[in-house]
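*Asks:* give me coordinates for this.
(2 chains)
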Amino acid sequence: MRNANAAKYATAGLLACLMGSTALAQDKPFSGITLTIASQNDQFAPVIAELAPKFEAETGATVKVDILDYGSLLTKTTADYIGDTEGYDLVTMDIVWAGEYAENGYSVELSELIERDADEIDVDDIYPNLMMGLGNYEGQQIAFPFAGYANVLAYNKTRLDAAGLEPPKTMEEFVAAAEKLTDPAAGLYGFVANGQKGPASAQDWMQYNSEMGGSIMSEDGMPTLNSDANVESLKVYRDLFRNAAPPGAAGYDWGGREESFRQGVAALMQTWSVGAPGYYNPEISKVVDDVAITTAPHPGDVAPSYGIGGWGMAINADVSPEEQEAAWAFIKWLTSPEIHKEFNMLGAGSFLRKSEMTDPDLMAKFPFLPVLAETFENGNYDYRPRIPEYPQIQDFLGTAVNSVLVGDADPKEALDAAQAQAEDLF
Amino acid sequence: MAFATRRKLFLAIMAVPVVAYVLVVGIWPLAQGIWYSLYDYNLIRPQRTKFAGLDNYIEIITDPVSRQALINTAIFTVGAVFFELLLGFALALSLWRDDRFNRLALALILIPVTITPLVVGLIFKGLLAADYGMIGYFLAQWGLTDPRGLLADQHAALATLIFIDVWEWTPLVALILLAGLKALPSDILEAASVDGATGFQKLRIIVIPLMLPAILLALILRTVDAFRVFDTVYVATGGGPGNATNTLMLHAVKQGLEFFNIGRASAIANLTLLIIALIAAGFVMMIRHADRKANGK
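*Replies:* Okay, here's the model as predicted:
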């Protein structure tokens, strides 16, 4: 009898334990799963790492953030995909890698998941240009956008006011203002952009080229690096460097040009919005009270085509279905209105949702949000072609533009050489 | 089993680990590298892989960018090694006398050797920048250099990189040569002094010929190393301005790790290996020749 009772109690106890653990498992559906993110070393990376414990508390999944520089990120993740080594569950994907991801099936196609969870995600609140540009390639959703960057014009309004100038709206006004604001004797310059060989000069010039009506790809997807419009825009870019940029700008990459603007040396700079919070930070900026941000210039007679860049989050197609589901849950969580706002309040500088542009807390901290809204609405994410050949084309252009800036070649000659190299890829 | 057979068997078994090691870390990767270099093979476009024969090698010679990388590497190597040997020898001679000052000086001049080349590149990039560099700013202000700075001037950038390499590696050459100097038999030098030889005569007739093995050792080490230069150039100029400082290794790394163009990267690496092997073989023959002349062997 006693034994029978003991057996009953034991069974009940066991059942209770099992039910308890089931309830726990339901509370934290991803207990025991570790998600490893390969993240670009941008402003968002430490913020993701800071928010990760919150996701773990809610779902049980541990999130590890491996923060890498651009080159290492590309090399390590490509090796991971090709070797099927499942080193990373989630990867931050630069907009220009989209073609490569789509062509090789590196990441999970997200369309069905987005459709399944559409209500939860509130897709309509995300800018369509970011949804397409930061993750969709020819109909395949190979990543989910989480960090939209807008190309904007940052300017030193104190110096513009002193010279009696309005913020330039067209490229012609931009060039005229840059030259007028240059006074080498006083160590003051009107303009700064990237001049360093490689991605730095290639990317900045492509932005100006697009604004001046140039394009490096034809409608049928072939390179047109040396088109007349491109040669013309490279002449303008070179002349801006000659007449209005600090002397060392031909060797600047993003760090150098941002520093030049923050120190008040250069008055006009087109840049990614992600750097904007830094101008308002007195610890690193001398222009806190002088800075203003507006939309990039564009020719008056054509519709604006502002540059869009940024990062999508891709799920490694090699990892197990359970890990893929957990990774998808993380993406939804990170990009949810509430967490994404917190993400930006912590300084990620990576906007995504329309609702963020009118959020009073964010507006108070980042007064330039309407400029971002305007840019995301009218943005162009394809001025840097998102094709598998992009890295090499960028390298050819990076060498050509830099050669022109240092006076080693004239624009036509340099772009002809780059075009010849690019044609070999197709 | 006869003793001789057992001995042979024992030796063969003892050699197995070495042979296996050489096969795994030496021959196999080399063979694979040669195999890849015969293909048009890109990791991010694997579906377009095709046999290319010697195309990758032909392209290195015909492509102006690769050709300039080869020329830049040769100029860099010859320039850097020449000045390092010259200055290193002068330094070694001045540190020859074994006193407290020289021992301290030797320890101090070795500091550059201990800094990793990547950091050296970053330090000089910062120092030489025309806008904010502690050296570059004044050089540009006084009109001694191009206003854009030494590393952004296509005529001066390669020479500047040679200077940086000389700054970093001359002490190592001095150390090797000093070891050679200290090993010289003192009785011969004393005998020469007694016979009334001048310092220059002693240097020309006794010191340099006896130092040849040490000089050639320094020459081989630095030539092979300079030919593979990568880190300093990568961070200081990225191969620019234009292609003025692009080197073979930089070109190979870019092809392999940036564009994932494995076929082309393997071809460049194989070509570099071949050139380095030829240079090393040339120096080894010179050592043998010098040895034969000095020792009559």
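*Asks:* get me the contact residues on the stretch 151-300 of chain A for chain B.
*Replies:* Within the stretch 151-300 of chain A, the positions near chain B by Cβ under 8 Å from any Cβ of the partner chain are A:195-198, A:246-251, A:259-260, A:265. Quick note: C-beta positions are derived from backbone N, CA and C, even for glycine.
*Asks:* the chain: strands as residue ranges?
*Replies:* The chain I'm using is chain A. Using DSSP state E, the strands of chain A run over A:34-40, A:62-68, A:90-94, A:136-137, A:140-141, A:144-156, A:189-191, A:266-272, A:291-295, A:306-315, A:379-380.
*Asks:* right idea, wrong chain: chain B
*Replies:* Using DSSP E, strands in chain B cover B:39-40, B:50-51.
*Asks:* just put those strands in a markdown table and tack on distance to A:D94, mean neighbour count and mean pLDDT.
*Replies:* A markdown table is the format used below for these (distance: least, Cβ to Cβ, whole Å; neighbours: other Cβ atoms under 10 Å in any protein chain shown; pLDDT from 0 to 100):
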| stretch | distance to A:D94 | mean neighbour count | mean pLDDT |
| --- | --- | --- | --- |
| strand B:39-40 | 26 | 18 | 94 |
| strand B:50-51 | 28 | 10 | 93 |
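*Asks:* for chain A, find the nearest of these.
*Replies:* strand B:39-40 (11.0 Å; Cβ to the nearest Cβ).
*Asks:* so what secondary structure elements neighbour the longest helix along chain B?
*Replies:* Scanning chain B for the longest helix, with DSSP state H as the assignment, gives helix B:262-295. Applying 3 or more Cβ pairs under 8 Å, 6 or more residues apart in numbering or on different chains; DSSP states H and E, one finds that helix B:262-295 contacts helix B:28-37, strand B:39-40, helix B:55-62, helix B:208-227, helix B:248-253.
*Asks:* what separates A:L334 from chain B, distance-wise?
*Replies:* Per Cβ to the nearest Cβ, to the nearest Å, A:L334 is found 27 Å from chain B.
*Asks:* ditto for A:N380
*Replies:* Counting by Cβ to the nearest Cβ - A:N380 and chain B are separated by 25 Å.
*Asks:* now do the contacts for that residue.
*Replies:* By Cβ atoms under 8 Å, 6 or more residues apart in numbering or on different chains, A:N380 lies in contact with A:210, A:305-308.
*Asks:* rewinding a little: okay, the helices and strands packed on helix B:262-295, which one's buried deepest?
*Replies:* helix B:248-253 (a mean of 23; mean count of other Cβ atoms under 10 Å in any protein chain shown).
*Asks:* using CSV, write down the CA coordinates of it.
*Replies:* Taking C-alpha atoms only, helix B:248-253 is exported to CSV below (Å, rounded to 0.1, in the frame of the first residue of the first chain):
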residue,chain,number,x,y,z
LEU,B,248,52.7,41.3,-56.2
MET,B,249,51.5,40.1,-52.8
LEU,B,250,49.0,42.9,-52.5
HIS,B,251,47.7,42.0,-56.0
ALA,B,252,47.5,38.3,-55.1
VAL,B,253,45.7,39.0,-51.8
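*Asks:* below-threshold pLDDT in chain B: ranges please.
*Replies:* B:294-297 (pLDDT under 70).
*Asks:* closest to B:P117 among the contacts of A:N380?
*Replies:* A:G307 (36.1 Å; Cβ to Cβ).
*Asks:* surely that closest one meets A:D382?
*Replies:* No. A:G307 is beyond contact range of A:D382, at 10.0 Å (criterion: Cβ atoms under 8 Å).
*Asks:* neighbours around whatever residue of chain A ends up closest to chain B, how many?
*Replies:* Going by Cβ to the nearest Cβ, chain B is nearest to A:K197 of chain A, at 2.9 Å. Using other Cβ atoms under 10 Å in any protein chain shown, A:K197 is surrounded by 31 other residues.
*Asks:* now for it: which residues touch it?
*Replies:* Here A:K197 is in contact with A:398-399, A:402, B:237-242 (criterion: Cβ under 8 Å, 6+ apart).
*Asks:* would you list the phi and psi of it?
*Replies:* Dihedral angles of A:K197 (phi, psi; degrees, to the nearest 10) stand at phi -50, psi 140.
*Asks:* can I get the helices and strands packed on helix B:262-295 in TSV with distance to A:D416?
*Replies:* Formatted as TSV, those follow (distance: least, Cβ to Cβ, whole Å):
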stretch	distance to A:D416
helix B:28-37	29
strand B:39-40	25
helix B:55-62	17
helix B:208-227	32
helix B:248-253	21
